[in-house]
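In: got a structure for you, letters missing:
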């Protein structure tokens, strides 16, 4: 069997088994691997390089909006975690506990942070005294642990990497403004860097963060029709401030509780990247995040080998100098065809082929990963041409994903209609909802679909929903349109 | 009492109590704070920004030398940690153990990583098959936990942040080359970015890493005369390869064990930064790492306030545009004098004062944190002048620290001589050593001085040592000069 065929063989066809396809791509592209620790994965260099690019893009935006990074302890004493009742109820079943340190048994068990509200609030209570100390705008990049029963690489792992913002404000208005601002920062990053369109909205009471007053999310749609919550932003109101005693003396000399927010995205986004853009040949990485944006594959018949390699190194150096992340695949043990498949599988946005005839014609061949299109490009001004192509690929990937989201956004006036859609096509189903937990749960029980969020842009949501303003289940008058979907 | 005096009051005089001075500076400059978790600190935004600058400088060098970042699990199953006998013996007393996850008691306790050799080796054993897979050059930025009994912010904490490199090679020569290359990378970073001179050398058998064949270190000298191990690089030989079964098929078709290295530096370096450069006014941060390189303090008598502030914002914008990290302190509740002290305490390398008369004269006043020197500088080409000054400050800080190291490097021909030096002045004591653990321990018992390392540059070390070539304790013939010192 040719190496080309073997490649395809090693990745399960996505239409047959998208779940196995996902795992195959991760393993084959060396993004991550299973570890000897239950539910924990190893993020391999190629996967980690993508995460590093994501971190850089997000960290820049977090800093530009006035936040500073800090680092809080990994461990949280049990008594601190228990202070906020809803919070501990939500997280206790998922906590890993330290009970021994060195040779001593601990008097009080320590939780490995599942999230850091409790430990951070205990510090804010010390640091915040006056209105002059506000707002506090802190972000943390860290690992967190949640004892998950069923895990999947990137999507749900016992340990994962994330950033968590924790802010404190004078007023509820300021806090709410922060909550929505950060949701928009996430949208900006996910759409413009990851090329994944998202819908911004409010979570239902049932689905909100344990301890929050309200939770907002960005929701993305995977190619298998399932939704993925790509980021959340919480208005904590004064829930934590009251139990952790975070007060400040306001300008009017009154002692007041602060208003808080928290918000986060995680390595889960890497899973979204794979599922939104990948295909049966493997990964497709948007140029802005690709560790390698252009791979040079030299075509080296024996007689011309030295000449071609010399030119290939020249091209590499010139492109690298122009700020393009370029790799020259000079491996001798593989054929060009094998290399094409290998780098396509790894999702490199652009392949540059160069052989003796190309050099003669003072050109190279460029092949786009997103469309498969073959382009002959002159060697002169190649860097400019490639920079433009990378931009086009980035834009096209977002356009493709947006088209998919559009095509797979449906509406339903009744639960029967919704069930038909969910069973046949999945996707986002826009439907009116009365706001009752009963109707929300009915959809979950009948078709395993949950309310992803209630879009902030209700005007746009209503255009997508049936023109009825009646709850999809109980038929009572409804004021809001929600998105129902099966989800990761 | 004037605010100026209060500042000085709040930081303990270093000559009276350098240990309290250290803690005062950290607290007052808001670099870190104690947390409710035993032995764990919070790294506050100002301290974390310094660490981020350090990470950036080091990460660049680690990547330039061909390494890639990855991420391995936080937890290590007990059975894995126990595979290498010396390794577990060295680390077991310091391990925090997870015994419960969610509501279940674990069948096998999980160690929170004190270092990652065990978990990484378990993966290398899967990933490495052929000589073509070598070398593996991986680095990880992570948090680690060691159950310390006595802790001090940055210097010794239960949890700390670090990078740990883990590489695998075909031959011992390659591995040894890597060990020394990374030691030099550390030296380059610590000397050029942190402005701290170090001595490179080999650790004694007693002081080497648990599980290593040999350990190398860079050692720095704090202003209180105590040494601080600033980074280590280990040749693990085939110790881990044999117990974790990391083999490869070599070009000669023989199955061989790989040769490994590991190397790391941690947030401990932030402690070194404070202790090497600080003074009784507080921190001194080298320009390359300073979160704020220039602070603008406007002098705003009532009538000229608006004009001065307008100019101050102009200057800020121009300097920022020129790539200088600049902060404008426009707080109205504090006097300029208070601000001078505040920013000196925070170690900002350069202060820029601007008032009505300066504007009239088209100049500003610059004050260097390292020397206290006052400089009048024209507003035209100010960015160039400041960039040059920052460079001068960086160079001068290294020169000052190097001078201190030189002045506090002594020699001793006998333990009596050494004891006199250690008791009176501390510092590095160069002395001949026969290589026996007995003589090494004698120094430790008599004066609490340990061998910091055996300098790689023996030629230079011999120039500093007595011209005798006899062991400082037993008087037998000795072949190497070692550095003895009290250490953190």
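Out: Happy to help now that I have it. All figures in this text were calculated on a predicted structure; none of them were measured in a lab.
In: The closest residue to residue A:356 other than its chain neighbours: neighbouring residues, count only.
Out: The shortest distance from residue A:356 to any non-neighbouring residue, by C-beta to C-beta, 6 or more residues apart in numbering or on different chains, is to residue A:304 (3.9 Å). In this view, the C-beta of every residue, glycine as well, is placed from N, C-alpha and C. For residue A:304, the count of nearby residues is 17 (other C-beta atoms under 10 Å in any protein chain shown).
In: near chain B, which residues of the stretch 251-400 of chain A?
Out: residue A:333 (C-beta under 8 Å from any C-beta of the partner chain).
In: How about the stretch 251-400 of chain A: which residue is closest to chain B?
Out: Proximity to chain B, evaluated over the stretch 251-400 of chain A using C-beta to the nearest C-beta, is greatest for residue A:333 at 7.5 Å.
In: Compute the distance between the residue positioned nearest the centre of chain A and residue B:371, please.
Out: The centroid of chain A falls nearest to residue A:269 when counting by C-alpha atoms, centre = their mean (1.9 Å). Distance, residue A:269 to residue B:371, by C-beta to C-beta, to the nearest Å: 48 Å.
In: on that earlier part again, which residues touch the residue nearest to the centre of chain A?
Out: A:54, A:190, A:194, A:230, A:231 (C-beta atoms under 8 Å, 6 or more residues apart in numbering or on different chains).
In: What of residue A:435?
Out: Residue A:435 touches A:478, A:479, A:480, counting by C-beta under 8 Å, 6+ apart.
In: Now flag whichever of these is closest to chain B.
Out: The closest of the contacts of residue A:435 to chain B turns out to be residue A:480 (C-beta to the nearest C-beta; 35.0 Å).
In: Skip the chain neighbours and tell me the closest residue to that closest one.
Out: Nearest one to residue A:480, counting by C-beta to C-beta, 6+ apart, is residue A:454 at 5.1 Å.
In: Can you say which helix or strand has that neighbour in it?
Out: According to DSSP states H and E, residue A:454 maps onto strand A:450-455.
In: Run through the helices of the stretch 351-488 of chain A in chain order.
Out: Remark: helices assigned in the stretch 351-488 of chain A by DSSP state H, counting those that start in this stretch are A:356-360, A:382-407, A:415-424, A:437-447, A:458-464.
In: by contact count, what packs against the last one?
Out: To tie it back to what came earlier, the one meant is helix A:458-464. Packing partners of helix A:458-464 (3 or more C-beta pairs under 8 Å, 6 or more residues apart in numbering or on different chains; DSSP states H and E): strand A:480-485.
In: quick one: strands adjacent to the strand it packs on?
Out: strand A:428-433 (antiparallel), strand A:450-455 (antiparallel) (DSSP bridges).
In: ok now it, how far from the chain's centre?
Out: Centroid displacement of strand A:480-485 relative to its chain, using C-alpha atoms, centre = their mean, to the nearest Å, is 21 Å.
In: angle of it against helix A:437-447?
Out: With axes from the mean of the first three to the mean of the last three C-alpha atoms, to 10 degrees applied, the angle from strand A:480-485 to helix A:437-447 works out at 30 degrees.
In: returning to what we had before: now list the buried members of the contacts of residue A:435.
Out: Buried members of the contacts of residue A:435, scored by 16 or more other C-beta atoms under 10 Å in any protein chain shown, are A:478, A:480.
In: Next, work out how far apart residue A:328 and residue A:381 are.
Out: Distance from residue A:328 to residue A:381, counting by C-beta to C-beta: 20 Å.
In: brain fart, residue A:41
Out: The spacing between residue A:41 and residue A:381, counted by C-beta to C-beta, is 43 Å.
In: Looking at those two, which is more packed in?
Out: Shown here are residue A:41 and residue A:381; by other C-beta under 10 Å, residue A:41 has more neighbours (25 against 9).
In: give the contact list for that one.
Out: By C-beta under 8 Å, 6+ apart, the contact list for residue A:41 reads A:32, A:33, A:34, A:35, A:151, A:153, A:154, A:157, B:73.
In: Let me know the closest of those residues to residue A:238.
Out: Using C-beta to C-beta, residue A:157 comes nearest to residue A:238 of these, at 33.0 Å.
In: Show me the shaky parts of chain A.
Out: For chain A, the stretches with pLDDT under 70 are A:1-9.
In: change it to 90
Out: A:1-10, A:38, A:84-88, A:92, A:102-103, A:148-150 (pLDDT under 90).
In: picking that back up, check whether the residue of the stretch 251-400 of chain A closest to chain B sits in a helix, strand or coil.
Out: Of the three states, residue A:333 takes coil under DSSP: H, G, I helix; E, B strand; the rest coil.
In: out of everything not next to it in sequence, what's closest to it?
Out: Distance criterion C-beta to C-beta, 6+ apart; nearest residue to residue A:333, sequence neighbours excluded, is residue B:132 at 7.5 Å.
In: Quick check: buried residues in the helix or strand containing residue A:19?
Out: Element membership for residue A:19 (DSSP H and E) is helix A:18-28. Buried residues in helix A:18-28, counted by 16+ other C-beta under 10 Å: A:18, A:21, A:22, A:23, A:24, A:25, A:26, A:27, A:28.
In: Mind putting those residues into JSON lines with distance to residue A:319?
Out: JSON lines is the format used below for these (distance: C-beta to C-beta, whole Å):
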{"residue": "A:18", "distance to residue A:319": "35"}
{"residue": "A:21", "distance to residue A:319": "32"}
{"residue": "A:22", "distance to residue A:319": "32"}
{"residue": "A:23", "distance to residue A:319": "33"}
{"residue": "A:24", "distance to residue A:319": "31"}
{"residue": "A:25", "distance to residue A:319": "27"}
{"residue": "A:26", "distance to residue A:319": "28"}
{"residue": "A:27", "distance to residue A:319": "30"}
{"residue": "A:28", "distance to residue A:319": "27"}
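In: Can you tell me which of these is nearest residue B:104?
Out: Within the buried residues of helix A:18-28, the smallest distance to residue B:104 is 25.5 Å, found for residue A:23 (C-beta to C-beta).
In: before we move on, the earlier item: figure out how far the helix holding residue A:19 is from the centre of its chain.
Out: 17 Å.
In: what about that helix and chain B, touching?
Out: No. Shown here: helix A:18-28 not in contact with chain B (C-beta under 8 Å from any C-beta), separated by at least 11.2 Å.
In: picking up where we left off before, please compute how far the strand holding residue A:454 lies from its chain's middle.
Out: In this view, strand A:450-455 has its centroid 18 Å away from the chain centroid, taken as C-alpha atoms, centre = their mean.
In: follow-up on the earlier one: host element of the residue nearest to the centre of chain A?
Out: helix A:268-277.
In: got the angle for that helix vs helix A:382-407?
Out: Going by the same axes, to 10 degrees, helix A:268-277 makes 90 degrees with helix A:382-407.
In: Show residues contacting the following helix or strand past helix A:268-277.
Out: Next along the chain after helix A:268-277, taking DSSP H and E as the criterion, comes strand A:294-298. Strand A:294-298 has contacts (C-beta under 8 Å, 6+ apart) with A:308-309, A:311-312, A:315-316, A:319, A:324-330, A:336, A:339-340, A:343, A:348-355, A:386, A:390.
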